[in-house]
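S.K.: could you look at this predicted model? Sequence included:
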Amino acid sequence: MHPDTTPLNKVALITGVTGQDGAYLAELLLAKGYTVHGIKRRTSLFNTDRIDHLYLDPHEDGCRLILHHGDLTDTSSLIRIIQQVQPDEIYNLAAQSHVAVSFEEPEYTANSDALGTLRLLEAIRILGLEKKTRFYQASTSELYGLVQESPQKETTPFYPRSPYAVAKLYAYWITVNYREAYGIYACNGILFNHESPKRGETFVTRKITRALARIKLGLQDCLYIGNLEAKRDWGHARDYVEMQWLMLQQEQPEDFVVATGVQHSVREFLEIAAQELDIPLRWEGSGVEEKGYDTATGKCIVAVDPRYFRPTEVGNLLGDASKAREKLGWKPRITFAELVQEMVQEDMRLVQRDELAKQHGFVSHLRH
Ligand code: NDP
Ligand code: GDR
C-alpha cells in the first residue's frame with residue numbers, strides 16, 4: 001500500500017509522469033490519498049525508472065498509480081484516457097522540454113508543447129468536463145527570455161527566445177483563454193528552473209554533477225560545456241510540485257510565478273559542485289578557449305565547446321514569487337547549497353555503481 005495521510009478520494013491525471021516533475025508530483029499526490037493516472041508515451045525500452053518505486057502491479061490491492069499509453073500529439077488517445085479516467089485534476093507536465101533541442105526539432109516541439117496543451121483543453125470541453133476538471137499548465141520562466149524587467153513576476157512582459165519558449169507562449173495563452181472563454185478552472189505555473197537528482201542528464205546542472213562525479217572516479221576525462229555566464233534562479237523540484245498542487249486547490253484559478261529569488265551562474269554551479277567533490281579547480285583562458293584545470297592533478301577537466309551555445313540565448317533569469325508567498329503561503333524549503341549537495345551525492349552513488357560494474361568486467365557505455 002502507498003502511505004496514506006488524508007485520503008481525498010480525488011483522481012488526478014498527470015501527463016509527463018515519467019519525467020522529473022511527474023515523478024515528484026505523483027509521489028506527492030499518492031501521499032495525499034489521490035488515485036493517480038499517468039500518461040506515458042510508447043518507447044522501445046522501459047523508461048519508468050523515476051516512478052518505479054511508486055508503481056505496484058495492477059493486480060495487487062491498493063494500486064493507486066495507473067499508467068496509460070498516450071501522446072500529446074495524438075488527440076484520440078488523450079480523449080479516450082480523459083473519458084475513461086474522469087479526472088478531478090489534470091497536470092499537463094508533458095513536453096519536449098529541452099530548449100536547445102527545440103532549435104533542432106521546432107515543429108515537433110510546437111506540436112507537443114503548444115498544440116498538445118490545446119488538445120487537452122479541447123478534450124475537457126468535448127467531454128463536458130468544464131465544471132469538474134481542473135487544469136494545471138507547466139509554464140516556464142523561458143517565456144521572459146530577453147528579460148524586460150528584473151526580477152520577473154506575473155506582470156512582466158514575455159519575450160520568448162527559442163522554439164520551445166514560443167510553443168510554451170501559445171500554451172500559456174490558450175490556458176488563459178479557455179479559463180476566460182469557457183470558465184474552466186485552468187492555471188499557469190510560471191516555474192523557474194528546478195532541479196533534483198531526477199533531472200534529465202542533458203540539462204546543465206545534472207550534466208555537471210554527473211560529469212564531475214565520473215571525473216572524480218576516473219570514468220571520464222573532461223566536461224564539455226556551453227555558456228558559463230548564463231544565470232538562473234535554481235530551485236528544487238520537490239518544493240515546486242507542491243505549488244503545482246496548491247494552485248489547483250484555490251477558490252479561483254490564477255497564474256503564479258514559482259522561484260527562489262536567488263540567482264547563480266552556470267560557472268558558480270560548477271564551482272560549488274567541484275568543491276563538494278574536493279576537486280580544486282582553476283580557470284585559464286577566456287571565451288571559447290576557456291578551460292578548467294584540476295590543480296591537484298594538473299589535468300584539464302572542463303572545456304568550453306561552442307556546440308552547446310544556442311542560436312539565441314537566455315542569459316539572465318531571476319524570479320519574484322511574492323504572489324505565491326502572500327496568497328498561498330508558499331516558499332521554497334531547500335536551499336541552493338542543499339540542492340547541489342544532494343545532486344552531487346546522488347551522482348557519486350550512481351557513478352560508484354558504474355565503477356563497480358567496470359571493475360567486474362562490465363564496460364560502461366554510458367554517454368557523457
Ligand atoms: P522532463 O523532460 O523531465 O519530462 C517531460 C515529460 O514529458 C516526460 O515524461 C516525457 O516522456 C514526456 N513527454 C515528452 N513528449 C511527450 C509527448 N509528445 N507525449 C507525451 N508525453 C511526452 O521535464 P520536467 O519534468 O523537468 O518538466 C515538466 C514540465 O515543466 C515540462 O512541460 C517543462 O517544459 C516544464 N518546465 C520545467 C522546468 C524545469 O526547470 N524542470 C521549469 C519550467 C517549466 P519521456 O519520459 O518518454 O521522455
Ligand atoms: P534551460 O535549462 O535552458 O534554462 O531550460 P538548461 O539546464 O538546459 O540550460 C541552462 C543554461 O545553461 C547553459 N548551458 C548549458 N545548457 C545545457 N543544457 N548544456 C550545456 O552544456 C550547457 N552549458 C551552458 C544554457 O545555455 C542555459 O543558459 C530548463 C528546462 O527545464 C525548460 O524545460 C524549462 O522551461 C526552463 O529550464 C525553465
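M.R.: That came through fine. Numbering: from 1, shown residues only. Ligands and ions are numbered 1, 2, ... in the order given.
S.K.: roughly how far apart are residue 251 and residue 328?
M.R.: 12 Å (C-beta to C-beta, to the nearest Å). For glycine as for every other residue, the C-beta is placed from the backbone atoms N, C-alpha and C.
S.K.: neighbour count: these two, which is higher?
M.R.: More crowded of residue 251 and residue 328, by other C-beta atoms under 10 Å: residue 328, with 18 against 6.
S.K.: isn't that one right next to residue 242, touching?
M.R.: No: the criterion here is C-beta atoms under 8 Å, and residue 328 misses it with residue 242 at 9.6 Å.
S.K.: what's near enough to touch residue 35?
M.R.: With contacts defined as C-beta atoms under 8 Å, 6 or more residues apart in numbering, the neighbours of residue 35 are 9-12, 64, 66.
S.K.: go again with 10 Å.
M.R.: Residue 35 makes contact with 7-13, 29, 63-66, 85, 87-88, according to C-beta atoms under 10 Å, 6 or more residues apart in numbering.
S.K.: and what of residue 143?
M.R.: Residue 143 makes contact with 152, 156-161, 165-166, 168-169, 171-172, 188, 190, 314, according to C-beta under 10 Å, 6+ apart.
S.K.: again, but for residue 242
M.R.: Contacts of residue 242 by C-beta under 10 Å, 6+ apart are 24-25, 28, 258, 328, 330, 332-333.
S.K.: going by distance to ligand 2, which of these wins?
M.R.: Checking the contacts of residue 242 against ligand 2 by C-beta to the nearest ligand atom gives residue 258 as the nearest, at 10.3 Å.
S.K.: wait, the closest one touches residue 240, no?
M.R.: Yes: contact criterion C-beta atoms under 10 Å: residue 258 and residue 240 qualify, at 5.5 Å.
S.K.: what touches both of the two?
M.R.: With C-beta under 10 Å, 6+ apart as the test, residue 258 and residue 240 both reach 189, 191-192, 194, 330, 332.
S.K.: which neighbours do residue 328 and residue 242 have in common?
M.R.: residue 258.
S.K.: hang on, the earlier thing: got a quick ChimeraX command for the buried subset of the contacts of residue 242?
M.R.: The following ChimeraX line selects those of these that are buried, judged by 16 or more other C-beta atoms under 10 Å:
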select :24,25,28,258,328,330,332
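S.K.: just give me the closest of the contacts of residue 242 to residue 126.
M.R.: When these are compared for distance to residue 126 (C-beta to C-beta), residue 25 wins out at 25.2 Å.
S.K.: what helix or strand is the closest one on?
M.R.: In this structure, residue 25 is located in helix 20-31 according to DSSP states H and E.
S.K.: show me where the protein has helices.
M.R.: 20-31, 75-85, 99-104, 106-109, 116-126, 163-182, 204-216, 237-247, 266-276, 322-328, 336-359 (DSSP state H).
S.K.: which of those helices sits closest to residue 41?
M.R.: helix 75-85 (9.2 Å).
S.K.: list the buried ones in the closest one?
M.R.: For helix 75-85, by 16+ other C-beta under 10 Å, it's 75, 77-79, 81-82, 85.
S.K.: now those as a markdown table including pLDDT?
M.R.: Putting those into a markdown table (pLDDT from 0 to 100) gives the following:
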| residue | pLDDT |
| --- | --- |
| 75 | 98 |
| 77 | 98 |
| 78 | 98 |
| 79 | 98 |
| 81 | 98 |
| 82 | 98 |
| 85 | 98 |
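S.K.: reformat those residues as JSON lines; add distance to residue 202.
M.R.: Formatted as JSON lines, the buried residues of helix 75-85 follow (distance: C-beta to C-beta, whole Å):
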{"residue": "75", "distance to residue 202": "29"}
{"residue": "77", "distance to residue 202": "27"}
{"residue": "78", "distance to residue 202": "27"}
{"residue": "79", "distance to residue 202": "32"}
{"residue": "81", "distance to residue 202": "28"}
{"residue": "82", "distance to residue 202": "31"}
{"residue": "85", "distance to residue 202": "31"}
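S.K.: greatest separation within those residues: which pair is it?
M.R.: Counting by C-beta to C-beta, the most remote pair of these is 75 and 85, 15.9 Å apart.
S.K.: would you put the C-alpha positions of the lowest-mean-pLDDT helix or strand in the chain in PDB?
M.R.: Here the helix or strand of the chain ranked lowest by mean pLDDT, DSSP states H and E is helix 336-359, holding a mean of 94. The C-alpha atoms that make up helix 336-359 are tabulated as PDB, following Å, rounded to 0.1, in the frame of the first residue of the first chain:
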ATOM      1  CA  PHE A 336      20.700  26.100  -3.500                       C
ATOM      2  CA  ALA A 337      23.700  24.600  -1.500                       C
ATOM      3  CA  GLU A 338      21.500  21.700  -0.300                       C
ATOM      4  CA  LEU A 339      20.300  21.200  -3.900                       C
ATOM      5  CA  VAL A 340      23.900  21.000  -5.300                       C
ATOM      6  CA  GLN A 341      25.000  18.800  -2.400                       C
ATOM      7  CA  GLU A 342      22.100  16.300  -3.000                       C
ATOM      8  CA  MET A 343      22.700  16.100  -6.700                       C
ATOM      9  CA  VAL A 344      26.400  15.600  -6.300                       C
ATOM     10  CA  GLN A 345      26.000  12.900  -3.600                       C
ATOM     11  CA  GLU A 346      23.400  11.000  -5.600                       C
ATOM     12  CA  ASP A 347      25.500  11.100  -8.800                       C
ATOM     13  CA  MET A 348      28.500   9.900  -6.800                       C
ATOM     14  CA  ARG A 349      26.400   6.900  -5.600                       C
ATOM     15  CA  LEU A 350      25.400   6.100  -9.200                       C
ATOM     16  CA  VAL A 351      28.900   6.500 -10.600                       C
ATOM     17  CA  GLN A 352      30.300   4.300  -7.800                       C
ATOM     18  CA  ARG A 353      27.900   1.700  -9.000                       C
ATOM     19  CA  ASP A 354      29.200   2.100 -12.600                       C
ATOM     20  CA  GLU A 355      32.700   1.900 -11.300                       C
ATOM     21  CA  LEU A 356      32.000  -1.400  -9.600                       C
ATOM     22  CA  ALA A 357      30.400  -2.700 -12.800                       C
ATOM     23  CA  LYS A 358      33.500  -1.700 -14.700                       C
ATOM     24  CA  GLN A 359      35.800  -3.400 -12.100                       C
END
